[in-house]
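A.B. asks: what would the 3D arrangement of this be:
(one chain, ligands or ions: 1)
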Amino acid sequence: MPASPSPARLAAVDLLDQVVEQGRPLSETDRLDKLAPADRAAAQRLATETLRGLERADRLLKPHLRKRPTPRVINILRLGTVELCLGGAAHGVVSDCVDIAAAGKHTQGARGLVNAVLRKIAGEGVTAWGKLRVPRLPKWLREPLVAAWGPQTVAAMERAHFEGAPLDLTPKPGADLSALNGAELPTGSVRLRQAGQVSALPGFAEGDWWVQDAAAALPAQLLGDVAGQNVLDMCAAPGGKTLQLAAAGAHVTALDLSEARLARVQENLERTGLKATLVAGDALTHQGQYDAILLDAPCSATGTIRRHPDLPFAHEGERIADLIGLQAAMLDHALTLLKPGGRLVFATCSLIPDEGECHIEEALAGHPDLKVLRAEAPWIEDSWRSDEGGLRLRPDFWADRGGMDGFYMALLQRG
Ligand SMILES: C[S@@+](CC[C@H](N)C(=O)[O-])C[C@H]1O[C@@H](n2cnc3c(N)ncnc32)[C@H](O)[C@@H]1O
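C.D. replies: Numbers count the residues shown, from 1 in each chain. This is a model prediction of the structure:
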């Protein structure tokens, strides 16, 4: 009888099948729900590391595979290859991958192949790994990014994607995060290089902080002092920016189309002891008048590939044109909800200018009473400023600190 493989590795191979073979993003999986929290975190880490290194793994595996094995066997080999090349202990990785093959009706026959290939990788592949090129973005995304930012910048972005992302936390005002031994960033986020299971970290249960990339924490800060103001967070879930605005003393209306995602905002509010009014509804028809609005519009999320390396595999950009139309319509409607003199931050976690800079150029052309305000904060670097007055953040920025998500944001005011 074959030994049982580790639940985390087995789940990670299932996740790879889902992403690479079925084109389904990791965020849509329920495969991890029944795992213990530590296994869930390990499976997630193994799957994301394998997706980041997939191009390199395939290059190392190719000379050892005379006939192409089934997709499931390839994914077992990819997982094992990446783990070995990132320093995994050869005996444990190889025998577990063999056990994963042995556990499947359609993969049992490939046990010998998995064993032989991974032993070779453990012997020779590990040195070759570091000499291979940094994995590239797929063509559908690489081409428009090269057109927008040039080949050198895109290569730097790809290096940042391959590095992966640290865990950034936004502290609740007044909370003491010293037990986490993180590094405080100039923008106020606290960065942890090695995090593990988030819910086991000190201060999680007490609601002292929430997980939020350092770049994602900036749009809410651009609104400035919101204490006592009525603020609409127009696409609020899962709620990182709602929490920031509530913690800054705003009366927040947190709107989102998805009731299921709003439930996560509610959980986050309860855990942190913060307050906001939750509204399930459509940003395109919502009514009201607000002192300030944060529009963190749905987008391609291409700025988050460091954390979500499944994204380029899960689709080929076919929804981006629709998203661009939706973002423009949301911005137009948001402007009608703003009191005279009110401020609006438009933001997307995208690397594509059509989802960022271009919207602001068009909004300025279409609304003569609209202006872009110069964002002022001590942590803003000149290289972040874009021509139309917004901030363009890229994953290759802050390279020596561990990078940041790609984001676009602009602070607007109606006359
Ligand atoms: C980029 S996410 C928002 C992230 C959030 N601001 C945060 O910081 O946690 C975009 C959100 O827009 C919501 N959404 C999509 N279409 C919408 C619509 N028509 N009206 C309101 N919300 C919408 C999605 O459900 C998703 O939660």
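A.B. asks: when you work out contacts or count neighbours from here on, use the C-alpha atoms and nothing else.
C.D. replies: OK.
A.B. asks: from residue 307, how far off is whichever residue of the stretch 1-150 of the chain sits closest to the ligand?
C.D. replies: Nearest to the ligand in the stretch 1-150 of the chain, going by CA to the nearest ligand atom, is residue 27, at a distance of 12.5 Å. In this view, residue 27 and residue 307 are 11 Å apart by CA to CA, to the nearest Å.
A.B. asks: cool, residue 140 as well?
C.D. replies: Residue 140 is 19 Å from residue 307, where distance means CA to CA.
A.B. asks: okay, the two: which has more neighbours?
C.D. replies: Using other CA atoms under 10 Å as the criterion, residue 140 and residue 307 rank with residue 307 on top: 20 against 13.
A.B. asks: from residue 52, how far off is that one?
C.D. replies: With distances taken as CA to CA, residue 307 is found 10 Å from residue 52.
A.B. asks: list residues touching both of those two?
C.D. replies: Counting by CA atoms under 8 Å, 6 or more residues apart in numbering, the shared contacts of residue 307 and residue 52 are 161, 164.
A.B. asks: how would you label residue 412: helix, strand or coil?
C.D. replies: strand (DSSP: H, G, I helix; E, B strand; the rest coil).
A.B. asks: so for the helix or strand hosting residue 363, what gets flagged as buried?
C.D. replies: Secondary structure assignment for residue 363, by DSSP states H and E: helix 357-366. Neighbour counts over helix 357-366 (16 or more other CA atoms under 10 Å) mark 357, 359-360, 363-364 as buried.
A.B. asks: got those residues as TSV, with pLDDT columns?
C.D. replies: Shown next, in TSV, are those (pLDDT from 0 to 100):
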residue	pLDDT
357	98
359	98
360	98
363	97
364	96
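A.B. asks: so which of the residues you listed are also by the ligand?
C.D. replies: By CA under 6 Å from any ligand atom, no member of the buried residues of helix 357-366 lies near the ligand.
A.B. asks: dump those to CSV, plus distance to residue 391.
C.D. replies: Below are these laid out as CSV (distance: CA to CA, whole Å):
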residue, distance to residue 391
357, 9
359, 13
360, 11
363, 16
364, 16
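A.B. asks: ok, the spatially closest residue to residue 276 that is not a sequence neighbour - contacts?
C.D. replies: Nearest residue to residue 276, sequence neighbours excluded (CA to CA, 6 or more residues apart in numbering): residue 252, at 5.0 Å. Counting by CA under 8 Å, 6+ apart, residue 252 makes contact with 230-233, 242, 245-246, 275-277.
A.B. asks: partners of residue 252 in the sheet?
C.D. replies: residue 231 (DSSP bridges).
A.B. asks: distance of it from residue 306?
C.D. replies: For residue 252 relative to residue 306 (CA to CA), the value is 30 Å.
A.B. asks: quick one: name the residues of the stretch 201-350 of the chain near the ligand.
C.D. replies: So the stretch 201-350 of the chain meets the ligand at 235-241, 256-258, 281-284, 296-298 (CA under 6 Å from any ligand atom).
A.B. asks: just those: which are in strands?
C.D. replies: 256, 296 (DSSP state E).
A.B. asks: just the ones of the residues of the stretch 201-350 of the chain next to the ligand in helices?
C.D. replies: 240-241 (DSSP state H).
A.B. asks: buried subset of the residues of the stretch 201-350 of the chain next to the ligand as a ChimeraX selection?
C.D. replies: The buried residues among these can be selected in ChimeraX (16+ other CA under 10 Å) with this line:
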select :235,236,237,238,239,240,241,256,257,258,281,283,284,296,297,298
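A.B. asks: break this structure into its domains for me.
C.D. replies: Here the domain parsing of the chain from automatic domain parsing is 7-129, 167-414.
A.B. asks: and the end-to-end length of stretch 12-31?
C.D. replies: 9 Å.
A.B. asks: distance between it and the chain's centre?
C.D. replies: How far stretch 12-31 lies from its chain's middle: 16 Å, per CA atoms, centre = their mean, to the nearest Å.
A.B. asks: ditto for stretch 164-177
C.D. replies: 16 Å.
A.B. asks: buried set for that stretch?
C.D. replies: Buried, per 16+ other CA under 10 Å, within stretch 164-177: 164-172, 177.
A.B. asks: filter the contacts of residue 252 down to the buried ones, ChimeraX style.
C.D. replies: A single ChimeraX command is used to select the members of those judged buried by 16+ other CA under 10 Å:
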select :230,231,232,233,242,245,246,275,276
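A.B. asks: now tabulate the contacts of residue 252 in CSV and tack on pLDDT and distance to residue 133.
C.D. replies: As requested, the contacts of residue 252 are exported to CSV (pLDDT from 0 to 100; distance: CA to CA, whole Å):
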residue, pLDDT, distance to residue 133
230, 98, 50
231, 98, 47
232, 98, 45
233, 98, 42
242, 98, 40
245, 98, 42
246, 98, 45
275, 98, 48
276, 98, 47
277, 98, 49
